[in-house]
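A.B. asks: Here is the input, now give the coordinates:
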Amino acid sequence: MMQLTKGTIQRPGDFTASFARNVSHFMLALHLLLLVLAVADEAWATSSCSQEDETRIWTAPLVAQPEEKLQVLSVATGGELEELLVTDPAGRRAKLPAVKAGGPPWSLRGVLLAPARGSYRIEAMRAGRVLACAEVMVGGGTGNRGSGQWDVATQALYAAWIEHLFDAPPEESLSFPSLEPILRDPERNFLYDYLNRGEDRQLPAKPDCADLPYFLRAYFAWKLGLPISYRACNRGTASSPPRCDPPEIDYTFVRTAVPAGAFVKVSRRIMDRVTSGAGRTALRDDATDYYPVPLERSALWPGTVFADPYGHTLVIVKWVPQTEKRSGLLLAVDAQPDNTVTRDRFWEGNFLFAATPSAGPGFKAYRPPVSDGSRGGGWRPPHAALFDRAGGSRPRGLLRPYGAAHQPARTGPGRGLRGHPGCADGETRGPRALGRQRGSVHACPPGNSRSHAARPGHLRDHRPLGGLLDPVPGHAPADRHEGSGRPARTHPPPS
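C.D. replies: Numbers count the residues shown, from 1 in each chain. From the prediction side, this is the model:
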């Protein structure tokens, strides 16, 4: 049998051989195309090393040096991180051993013990995906301190830094004579000698309880080149909470790396100005350094403060998740008049609460100053009157510690505090009402029946903290020191 092909006669065997050659050529071309695409994809992946606010990689010290430890801290606000991968100057890629913490925010902290001179590529991974990538030049690099603003990534780093700073097994008693041995411990302090000037070796750090959150913020701002704001507040009266003066914004650290002496000067000025009244301001008051946050797991990041109605302030440092064999824990640190710093667990003997007209106690977050967007790089005070919108809909202003890019809405009659101690969810009204957005802040409506101090004389009810922690049953209100307005500190019962 014969076949006709383009006017010629071809034998069946010749046709089969020709067809096989054509298929072979096609497959070879296909393999070459796939190889080109793979190489292009790998080259693109290699060249595109970037990160965003949701996940960011930080390294310390600011300028990495050969044969000196390089710390790596990746922080995410959208979910847990699985691993850190490092590619060295020779192109070798390996997993970096890391300690997990959080969240939110979630973090991984590892260390390169003796990096060689050259470029290192660091990747933060989740489910096989690269969430963030950073390139670090060891020897001759310039370093990256972030955006220079209190944005989401910077707030998340602050929270992760606080958590690692006071990290220890939950059952371990953690106490220090002052903040100095904590900040001078490079195993704890990710920012130790961050500016490569030996700045932490003799740094004085002895804040008391009201000063502690301000001192920690100022220290962090110094290392990261950020502005810091604070207010002088009075102590209130028996019938009204403390009120504060206009904010003072210090620009000493902005866009520069100043020596330790400059930080000492700024921190002393702050500690001379602030009082415990700053944490006890009314929940509706916008002219404050702190604002109330909802009782939600996503809102209470490390670094959030708890201000009790008697003038004591604690700083949240860690959540310990509940398991089948152990109840969950909320841990915080406080400082005392003798400058000792101690880690405490959440229970009614430490986190005192009372519904009183003389204070607005509870969990609160810091209001950072925000950039005014001018060419000169000016800063605006942290106040609700500065709320504006970009593009007609996207709120811009103060950043919530858990990532929503807005500041607390101005409050008024009929607006409730969603999730805050003792407050029912309230309906929001008006274009500036943010109640439908996650993590919104309102003020407690008058006469709310869900008071956190359920009955007169109770310092705290025994309900779990937002359903997140088990209650500690059967504990009476703490005894008061004779002649003192604040209940005596007591120790938690055995677990």
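A.B. asks: domains in this protein, as residue ranges please.
C.D. replies: 55-144, 155-396 (automatic domain parsing).
A.B. asks: rank these by pLDDT, which is bottom?
C.D. replies: Averaged per stretch, pLDDT over these is lowest on domain 155-396, reaching a mean of 88.
A.B. asks: Which among the domains of the chain is found nearest to Cys49?
C.D. replies: Judged by CB to CB, the one of those that comes nearest to Cys49 is domain 55-144, at 4.0 Å. (Each C-beta comes from the backbone N, C-alpha and C, glycine too.)
A.B. asks: Endpoint to endpoint, that closest one covers what distance?
C.D. replies: From the first residue to the last, domain 55-144 extends over 15 Å; the measure is CA to CA, to the nearest Å.
A.B. asks: ditto for stretch 60-71
C.D. replies: Stretch 60-71: ends 5 Å apart by CA to CA.
A.B. asks: For Ile182, identify the helix or strand it belongs to.
C.D. replies: helix 180-183 (DSSP states H and E).
A.B. asks: moving C-terminal of that helix, what's the next helix or strand?
C.D. replies: Counting by DSSP H and E, what follows helix 180-183 is helix 212-224.
A.B. asks: Could you list the residues in contact with that following helix?
C.D. replies: 145-146, 148, 154, 157-158, 161-162, 179, 183, 191, 194-195, 205, 207, 226-228, 230, 253, 258, 262-263, 266-267, 270-271, 274, 303, 305, 313, 315, 333-335, 341, 366 (CB atoms under 8 Å, 6 or more residues apart in numbering).
A.B. asks: Narrow the residues you listed to those in helices?
C.D. replies: 154, 157-158, 161-162, 183, 262-263, 266-267, 270-271 (DSSP state H).
A.B. asks: For PyMOL, what selects the buried ones among the residues you listed?
C.D. replies: This is the PyMOL syntax for the buried subset of these, where burial follows 16 or more other CB atoms under 10 Å:
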select buried, resi 154+157+158+161+162+183+263+266+267+270+271
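A.B. asks: any idea which of the ones in helices among the contacts of helix 212-224 is closest to Ala287?
C.D. replies: Ile270 (17.8 Å).
A.B. asks: right, and the closest one touches Arg231 too?
C.D. replies: No - contact criterion CB atoms under 8 Å: Ile270 and Arg231 do not qualify, at 10.3 Å.
A.B. asks: Just send the domains of the chain back as a markdown table, with distance to Ser48 too.
C.D. replies: Shown next, in a markdown table, are the domains of the chain (distance: least, CB to CB, whole Å):
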| stretch | distance to Ser48 |
| --- | --- |
| domain 55-144 | 8 |
| domain 155-396 | 22 |
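A.B. asks: re earlier: which single one of the ones in helices among the contacts of helix 212-224 is nearest to Gly139?
C.D. replies: Leu157 (24.5 Å).
A.B. asks: residues in contact with the closest one?
C.D. replies: Leu157 touches 56, 58, 73, 75, 146, 224, counting by CB under 8 Å, 6+ apart.
A.B. asks: If you rank these by neighbours, which is first?
C.D. replies: Per-residue neighbour counts (other CB atoms under 10 Å) across the contacts of Leu157 peak at Val75, which has 31 neighbours.
A.B. asks: for that one, what are its contacts?
C.D. replies: 55-56, 58, 102, 105-107, 153, 156-157, 159-160 are the contacts of Val75 under CB under 8 Å, 6+ apart.
A.B. asks: Could you tell me which of these count as buried?
C.D. replies: Buried among those by 16+ other CB under 10 Å: 55-56, 58, 102, 105-107, 153, 156-157, 159-160.
A.B. asks: Just give me the closest of these to Glu324.
C.D. replies: Gly102 (21.2 Å).
A.B. asks: which residues touch the closest one?
C.D. replies: 75, 80, 159-160, 163, 302, 319 are the contacts of Gly102 under CB under 8 Å, 6+ apart.
A.B. asks: Take the residues you listed and lay them out in a markdown table including distance to Asp211.
C.D. replies: Output for the contacts of Gly102, formatted as a markdown table (distance: CB to CB, whole Å):
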| residue | distance to Asp211 |
| --- | --- |
| Val75 | 26 |
| Glu80 | 34 |
| Ala159 | 20 |
| Ala160 | 22 |
| Glu163 | 20 |
| Pro302 | 18 |
| Trp319 | 25 |
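A.B. asks: from those, which single one is nearest Cys133?
C.D. replies: Of all those, Cys133 sits closest to Val75, with 14.2 Å by CB to CB.
A.B. asks: Phi, psi for that closest one please.
C.D. replies: phi -130, psi 130 (degrees, to the nearest 10).
A.B. asks: what's the distance between it and Glu52?
C.D. replies: According to CB to CB, to the nearest Å, Val75 stands 12 Å off from Glu52.
A.B. asks: Overlap in contacts, these two.
C.D. replies: With CB under 8 Å, 6+ apart, Val75 and Glu52 have common neighbours Ala153.
A.B. asks: what helix or strand is Asp338 on?
C.D. replies: Going by DSSP H and E, Asp338 is not in any helix or strand.
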